[in-house]
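[1] Dropping the sequence and predicted coords here.
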Amino acid sequence: MSNFTDLFPAVSSNNVLEMICGIGDGRTVHGVTNSYTMGTAAAIELTTSYQDIQGSSIDYILPDGTNYVHYEYIVKWAATDYSGICSWRLYFDGNEVNSAFVSNASSYGASNHGHHLVYINWVFDLTVSATDYTDGKILKSDWTGAKNIKVMARDYSSSYDARAHWTTWREGSSSGYPFLDIPLLTVTAYS
Amino acid sequence: MGNLTDLFPAPASNSVLETLMGVADGRSVTVPSGTYTFGNVTASQGLSTSYADVTGSSITYTPPTEANYVSYKFSYKSDSRDINYGSSGIHHIALYLDGTRVAKANKSVAGNYSGSHSNNHASFTQYIEFVFDLTASSDDIANGKLASWTTPKEIKIMARDYSSPYYRATIHTNIWRDSTGASGEFTYYQPIIKITAFK
């Protein structure tokens, strides 16, 4: 007869508590204990004022035992004018995470062909002794219930406009543009 | 009465043993295999025509004993150097494991050439990712294959420019913020390392 522990081995485990992953089409994604509805993205023009970027926002509730939260938002960027210089900010509960800031541009060119993905990434550290929003360090007692994480973006100027979720060409043509290039949001909680 | 295995089914499991992930801000992160300290990037890094360690890319890692595969991902910011010979900012990326170059992971990165070296605007997020295979019968580091990995080994990135004075690059760099030049802490972007051990 086999040993009881052979028949029922200890649960293999890792430090990944939960992964929420979805595209910006309004779908609902079910986590371990909560469900999240993704935003709905459309191809848009950025302006010289910051605006919320669709599909980046999530009101996230921590699983028990979370020490780190990785937020990753993959968004398509396209130049409207020249190099399409723009700024991307990450916000936690209305506070900018300064350390996650990125500016983005293609090479300068009158043909404004620049099209590529922008990766907005941050790992929130919840093991700290005090909250420091600017560095994305959050005391666990300051992350109770749902906390909003989102991305905002703007152009450098009206001479260097840019677009989000935007594709100009498809199948060898620009007929019918803009085409939607849908963003991807992934939030992973680690112990 | 049901079978015992119906009442107590085998636990759900997957092939991920652990994920070690952190920002290069000097933090220490504890995972099942140990505690690891990340580099602390506090400035952008200009490259030259000789290979140099990329700040924030180094980590000395020991996988869990069951690991068959280890992926390493380094996310950083690429930028065409803010000098009159910048333009496309061509640079080369090399991955090293314990001092040996993993040639299979070689990459070159650049923006488009703008037609004028003074228009060095290319500035974008970028990453290098590679998977080490620990199921090989003998070590072949150049191809990322190992027979075993049971002791701490350093994983790091080295980088160099294509040439000088033309096509030079900087990394971790933000040139602009909002409608003006970036200043202070916004002039650099701290890179992120993600290591996943699989069985």
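    Okay, I see it. Numbers count the residues shown, from 1 in each chain, chains lettered A, B, ... in the order given.
[2] got any ranges where chain B has weak pLDDT?
    Counting by pLDDT under 70, the low-confidence segments of chain B come to B:1-12.
[3] how about a cut-off of 90?
    Low-confidence segments of chain B (pLDDT under 90): B:1-14, B:81-88, B:111-120, B:164-168.
[4] Within the helices and strands, which one has the residue nearest in space to the middle of chain B?
    Centroid-nearest residue in chain B, with CA atoms, centre = their mean: residue B:74, separated by 1.9 Å. Element membership for residue B:74, per DSSP states H and E: strand B:69-80.
[5] Over to residue A:103?
    In the assignment (DSSP H and E), residue A:103 maps to strand A:102-104.
[6] average model confidence for that strand?
    Mean pLDDT, strand A:102-104: 97.
[7] what packs against it?
    Other elements packing on strand A:102-104 under the criterion 3 or more CB pairs under 8 Å, 6 or more residues apart in numbering or on different chains; DSSP states H and E are strand A:86-92, strand A:115-125, strand B:123-133. Any C-beta I mention is one placed from the backbone N, CA and C, and that applies to glycine too.
[8] The next helix-or-strand element following the first one and chain B, are they touching?
    The first helix or strand that comes after strand A:86-92 along the chain, using DSSP H and E, is strand A:95-96. No. Strand A:95-96 stays out of contact with chain B when judged by CB under 8 Å from any CB of the partner chain, the minimum separation being 10.3 Å.
[9] Show me what strand A:95-96 pairs with in its sheet, parallel or antiparallel.
    Strand A:95-96 sits in its sheet next to strand A:86-92 (antiparallel), going by DSSP bridges.
[10] Pull the distance from the strand it pairs with to the chain's centre.
    In terms of CA atoms, centre = their mean, to the nearest Å, the centre of strand A:86-92 is found 10 Å from the chain centre.
[11] if we can go back for a sec, sheet-wise, list the partners of the strand holding residue A:103 with their directions.
    By DSSP bridges, strand A:102-104 pairs with strand A:86-92 (antiparallel).
[12] Pull the strand it pairs with out as CSV, backbone CA atoms only.
    Output in CSV follows, covering the C-alpha atoms of strand A:86-92 (Å, rounded to 0.1, in the frame of the first residue of the first chain):
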residue,chain,number,x,y,z
CYS,A,86,4.7,62.3,-25.8
SER,A,87,4.7,61.8,-22.1
TRP,A,88,3.2,58.8,-20.2
ARG,A,89,2.4,59.0,-16.5
LEU,A,90,1.4,56.2,-14.2
TYR,A,91,-1.0,57.0,-11.4
PHE,A,92,-1.9,55.1,-8.2
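[13] Strand B:123-133 and that one, what's the angle between them?
    On the basis of axes from the mean of the first three to the mean of the last three CA atoms, to 10 degrees, strand A:86-92 is oriented at 60 degrees to strand B:123-133.
[14] Now do strand A:86-92: everything it contacts.
    A:46, A:50, A:53, A:71, A:77, A:96-97, A:100-105, A:118, A:120, A:122, A:124, A:133, A:136, A:138, A:147-156, A:160, A:162, B:176-178 (CB atoms under 8 Å, 6 or more residues apart in numbering or on different chains).
[15] Is it possible to mark the buried ones in these?
    By neighbour count, with 16 or more other CB atoms under 10 Å in any protein chain shown, the contacts of strand A:86-92 hold A:46, A:50, A:53, A:71, A:77, A:96-97, A:100-105, A:118, A:120, A:122, A:124, A:133, A:136, A:138, A:147, A:149-156, A:160, A:162, B:176-178 as buried.
[16] Tell me the secondary structure at residue A:141.
    With DSSP: H, G, I helix; E, B strand; the rest coil as the basis, residue A:141 sits in helix.
[17] OK, contacts around it?
    Going by CB under 8 Å, 6+ apart, residue A:141 touches no other residue.
[18] Any idea which residue is closest to the centre of chain A?
    Nearest to the mean C-alpha position of chain A, by CA atoms, centre = their mean, lies residue A:73 at 2.3 Å.
[19] re earlier: dump the helices and strands packed on strand A:102-104 to JSON lines, plus distance to residue B:188.
    Shown next, in JSON lines, are the helices and strands packed on strand A:102-104 (distance: least, CB to CB, whole Å):
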{"stretch": "strand A:86-92", "distance to residue B:188": "15"}
{"stretch": "strand A:115-125", "distance to residue B:188": "15"}
{"stretch": "strand B:123-133", "distance to residue B:188": "12"}
